[in-house]
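[1] how does the following fold in three dimensions:
(2 chains)
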Amino acid sequence: AQSVTQLGSHVSVSEGALVLLRCNYSSSVPPYLFWYVQYPNQGLQLLLKYTSAATLVKGINGFEAEFKKSETSFHLTKPSAHMSDAAEYFCAVSGSNDYKLSFGAGTTVTVRA
Amino acid sequence: KAGVTQTPRYLIKTRGQQVTLSCSPISGHRSVSWYQQTPGQGLQFLFEYFSETQRNKGNFPGRFSGRQFSNSRSEMNVSTLELGDSALYLCASSLDSAGAQETQYFGPGTRLLVL
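    As a prediction, the model looks like this:
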């Protein structure tokens, strides 16, 4: 069964600083990996996804993630944080025949002015 | 294109009652999934439907059930509500033309409060 672990439930960064959110996956087969963002009182919005086409994946709003098989990681980064990046971020994994997403516990990002 | 819509957005019920939540997927999407989100358990998969057939089910008691109609709209039902069923229920839809790698698009959710 596939699963993901997000390291750090809360991350606080200064505006303009690097945002780094960590996600490690556990899968016996090549997984499909996703990062979603959730703003207060809203559903989930896809930031980016990895489907084996390229190890460095670029997403919306300046976010990107790198798939590292040797480290079983799929960390999310953004070079310069903006106040609007304050939200909760979820890493998720899906297997080829799962027809479901398994989510990490989430990381709440706060951005300091 | 309109996004995933869920109705109602907010609901208050009492223990022992039952509730039905509705989800309309993005036009053309044939797969609909349901997730429960709580502060303690996080996001948990409930079930997934494709062409009116349940393809996968999460580890929830039989009180949780769902169905999908021929127009891909889906409903989920929770019977004999318990306090622990208070949660945000999220619906997601996808084209499913490429299988599990398809992006799931989420609705805004239905927030259920059980008193």
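
[2] how about the residue nearest the centre of chain A, nearest residue that isn't a chain neighbour?
    By CA atoms, centre = their mean, chain A has its centre lying nearest to residue A:35, at 3.5 Å. Distances taken as CB to CB, 6 or more residues apart in numbering or on different chains put residue A:47 closest to residue A:35, at 4.4 Å, once the chain neighbours are dropped. For glycine as for every other residue, the C-beta is placed from the backbone atoms N, C-alpha and C.

[3] where does that neighbour sit: helix, strand or coil?
    strand (DSSP: H, G, I helix; E, B strand; the rest coil).

[4] need the contact list for it.
    Contacts for residue A:47 (CB atoms under 8 Å, 6 or more residues apart in numbering or on different chains) come out as A:35-37, A:59-61, A:63, A:76, A:89.

[5] who's the residue found closest to residue A:91 once you drop the neighbours it is linked to in the chain bridged to?
    Spatial nearest neighbour of residue A:91, chain neighbours left out: residue A:23 (3.5 Å); criterion: CB to CB, 6+ apart. In this structure, residue A:23 bridges to residue A:6 when assessed by DSSP bridges.

[6] just the pLDDT at residue A:23, thanks.
    As predicted, residue A:23 sits at a pLDDT of 96.

[7] flag every buried residue along the helix or strand harbouring residue A:35.
    Assigned by DSSP states H and E, residue A:35 belongs to strand A:32-38. Buried positions in strand A:32-38, judged by neighbour count with 16 or more other CB atoms under 10 Å in any protein chain shown: A:32-38.

[8] gap between residue B:90 and residue B:9?
    For residue B:90, the distance to residue B:9 (CB to CB, to the nearest Å) stands at 12 Å.

[9] neighbour count: the two, which is higher?
    Comparing residue B:90 with residue B:9 by other CB atoms under 10 Å in any protein chain shown, the one with more neighbours is residue B:90, at 24 against 12.

[10] helices or strands up against whichever strand or helix holds that one?
    Under the criterion of DSSP H and E, residue B:90 resides in strand B:87-94. Where contact means 3 or more CB pairs under 8 Å, 6 or more residues apart in numbering or on different chains; DSSP states H and E, strand B:87-94 is packed against strand B:5-7, strand B:19-24, strand B:31-38, strand B:105-106, strand B:110-114.

[11] fine, thanks again, bye for now.
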